[in-house]
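Asker: Next come a sequence and a model predicted from it.
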2 protein chains.
Amino acid sequence: MADAGKILTERKKIILKAVVEAHIETGEPVGSKLLTTDKQIPLSSATIRNEMAELEEMGYLEQPHTSAGRVPSEKGYRFYVDSLMEDYKLNAGELSVISSLLTARMTALDKLVERASGVMSALTNYTGVAIRQKPRKIGVVMFRVLMLGEYDFLLVMVTAGNSVSTKEIRTQSPIDQETLSCLETTLNRFLCGVDINDVTLPTIMKMEASAGRAAPLISPVIKCIYEFVSEINDEVDFEGVNRLLEYPEYSDMSLLRGMLGMLERKEDIIRLVAEGSRDSTNIYIGSENRVDVLKSSTIVFKTVKVSGRPVGAIGVIGPLRMDYPKVVSTLEYLTSKITDMAGEIGMLPEGHGGSDNNTGEQK
Amino acid sequence: MADAGKILTERKKIILKAVVEAHIETGEPVGSKLLTTDKQIPLSSATIRNEMAELEEMGYLEQPHTSAGRVPSEKGYRFYVDSLMEDYKLNAGELSVISSLLTARMTALDKLVERASGVMSALTNYTGVAIRQKPRKIGVVMFRVLMLGEYDFLLVMVTAGNSVSTKEIRTQSPIDQETLSCLETTLNRFLCGVDINDVTLPTIMKMEASAGRAAPLISPVIKCIYEFVSEINDEVDFEGVNRLLEYPEYSDMSLLRGMLGMLERKEDIIRLVAEGSRDSTNIYIGSENRVDVLKSSTIVFKTVKVSGRPVGAIGVIGPLRMDYPKVVSTLEYLTSKITDMAGEIGMLPEGHGGSDNNTGEQK
DNA sequence: TTTAGCACTTGGCATATGCGAGTGCTAATG
DNA sequence: CATTAGCACTCGCATATGCCAAGTGCTAAA
């Protein structure tokens, strides 16, 4: 890729860039003449033809058939994305859409990320995707137990991210306040900050020993916690799937079926995002995607971090001929905004006036 | 509709039924000859032609164009559904799919309903839809308050359906246990069983008066409760959207876009289901749907009730030529199974052996 | 090295043609 | 009088044909 950059003459770069951009705009193969007129390249079409022929030989362009214009190959897109494209400047309208999303008092971070996918979709006209990642290992910082009824209590778990989750548990035999206090202290003593997967039988036995009257509750409660932890999966949402249909690339029914199926399955996307762990914007073009059904699409995404920790990712899925500059700019601006904003509401020990009360995440 | 039934001769009914069923099977217009051969009607094609011509005049059939076979009109489907169709018997394989869903230890009712849409989709090959309805007015039966930190407490609300919801609230000034107890008793005294929309300013003032040290918390907490209540929306999920693409009816791009857009919006579906309040199976054929984009589709759904209260609905969306008998049978069997099952886990005061603990709904 | 010119390729589109499925009508039949 | 056989007719669809425009590659001139 670095060497490829060396080999391309400046003029070839200009032409490649023009071809890519023209094709992104129109979706049609672009011919030599178009570049001299619309794209203002001060060369005759014949010269451009020669250059394009060489670019094709090098693998940056390809021809759908003889005597059609040229279309960028994946390699061409890749080179464009890596070396050629310029920053897109968001205009006032676009900026205002983003900030209106962010000022609409969003309480939970989850909602913020979810809505962000809608904004991405609306601004770029591709399918927006939002992933809310749950932390792999959940360190519960504090347990609380609350009696609800005679056979019924609520287990409250405050996890590392200062988010609160609860689980209602029913028992077979009646319980009382005192038993629950025992349970609470025992849970806190043994399980605080511990990954539930590390809890072994001896630990459980020790806990039961020191739980006193609450001993019979220990085992079921741990089972509950475990169930709860494994239940936590990353959540994925899409918005604007129908926008894909605008692009002739997706008029093929079988391709479309595959896409819709994948969007429903969600696992592929989760894996893909989990693997693409780069901090900066990730761009996977066509067959760079491991997932089969994405081999003729591009996916662009960026993880969202709040105070250093990744909490999710947002991005878009669209055709190969994606408006990369715009997508990248929008995405980066949006994620940085979210990071800023979430950071603010996250650390509010002292309020900043008004009777605002904030809500943490809630399962 | 009753009179229409009178007017149709027995023979016309047989023919109409055969046409509908043949068309559902093949998707093609059905001609007079086909009925004599495949559908074993002991009449010559000429006779059938005459009958079909009359059926067309009456509005039960229509011709895509002269010299094509006949296709059922919406009226034709409606009559078929109301009077003609016979029960479909689920076969062993189908029954086992359903019961395997139900035996897979599903803890929450929500999950059960959600998964049911997948089963519907898999068995019928249409798009499955699941709606989890939240009760319109939330009568909170009990409030509990749990201190989490110096500026942080958890509001626990047990609602009528014995389901528990929680909301984390942060405060501006430090709180202590005693203040929270005050808050709790005040909330319970004034707000139990009350629709939050009925809470007026005088009530709030009275509450503040009797809350003592917790007075400053009252107003923000009520705001929180209100926010929470209005936040509760019915949830809708779809499964097997891609299956729609199998039917040529949906090969029209603009139609498809509309569908996908609607499936994403979800509000239309919620409204539609909310209005179709019949207890039995609801079938909306084509333009019987108010929603524009569904005018060329059929939606079938049935509400799921647990101990008399509706908790959601499941159904399918598909083309007009839907396999109504199968859909209806599957749907009714599935919903009844869910009702049974949910009833069981809902009322477990005394366990039935083993160390099982059950989880109620959880927001 | 660039450009103008020209012959050539090819997909798309519009038109023409044949085929087959299915109809409606009429006349014959039980 | 209801039913049926026969037949001419109507369309949609698929295939074949011809033409056009866009675009190319190549060659020769500037």
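Answerer: Arrived safely.
Asker: From residue A:73, how far out is whichever residue of the stretch 51-200 of chain A sits closest to chain B?
Answerer: Relative to chain B, the nearest point of the stretch 51-200 of chain A is residue A:172 (3.8 Å; C-beta to the nearest C-beta). Using the backbone N, CA and C atoms, a C-beta is placed for each residue, glycine as well. From residue A:172 across to residue A:73, the span is 66 Å (C-beta to C-beta, to the nearest Å).
Asker: One more: residue A:171?
Answerer: Applying C-beta to C-beta, the value for residue A:171 to residue A:73 is 64 Å.
Asker: and if you look at residue A:211?
Answerer: To residue A:73, residue A:211 is 66 Å away according to C-beta to C-beta.
Asker: Stretch A:22-38 and DNA strand D, any residue contact?
Answerer: Yes. Using C-beta under 7 Å from any atom of the strand as the criterion, contacts between stretch A:22-38 and DNA strand D involve A:28-34.
Asker: and residue A:237, what helix or strand is that in?
Answerer: In the assignment (DSSP states H and E), residue A:237 maps to strand A:235-239.
Asker: Helix or strand next in line after that strand, which one?
Answerer: Heading C-terminal from strand A:235-239 (DSSP H and E), you reach helix A:253-265.
Asker: Residue A:77 is in contact with residue A:20, isn't it?
Answerer: Yes. Look at residue A:77 against residue A:20 with C-beta atoms under 8 Å: they come within range, at 6.7 Å.
Asker: Can you give me the neighbour number for residue A:94?
Answerer: 19 (other C-beta atoms under 10 Å in any protein chain shown).
Asker: Got the confidence number for it?
Answerer: Looking at residue A:94, its pLDDT reads 96.
Asker: ok, now residue A:23?
Answerer: 96.
Asker: do the same with the one 10 residues further on
Answerer: According to the per-residue confidence, residue A:33 scores 92 in pLDDT.
Asker: do the same with residue A:160
Answerer: Note for residue A:160: predicted pLDDT of 69.
Asker: What parts of chain A come near DNA strand C?
Answerer: Within chain A, the positions adjacent to DNA strand C are A:42-44, A:46-47, A:50, A:64-68 by C-beta under 7 Å from any atom of the strand.
Asker: so can I have a markdown table of those residues showing neighbour count, distance to residue B:267 and pLDDT?
Answerer: Supplementary listing: those in a markdown table, determined by neighbours: other C-beta atoms under 10 Å in any protein chain shown; distance: C-beta to C-beta, whole Å; pLDDT from 0 to 100:
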| residue | neighbour count | distance to residue B:267 | pLDDT |
| --- | --- | --- | --- |
| A:42 | 6 | 54 | 89 |
| A:43 | 16 | 55 | 92 |
| A:44 | 12 | 57 | 91 |
| A:46 | 10 | 58 | 93 |
| A:47 | 15 | 57 | 95 |
| A:50 | 13 | 57 | 95 |
| A:64 | 11 | 42 | 91 |
| A:65 | 6 | 46 | 90 |
| A:66 | 5 | 51 | 88 |
| A:67 | 7 | 50 | 87 |
| A:68 | 12 | 45 | 90 |
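Asker: Need these in TSV (columns: distance to chain B).
Answerer: Below are the residues of chain A next to DNA strand C laid out as TSV (distance: C-beta to the nearest C-beta, whole Å):
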residue	distance to chain B
A:42	40
A:43	39
A:44	40
A:46	39
A:47	40
A:50	39
A:64	21
A:65	24
A:66	30
A:67	28
A:68	24
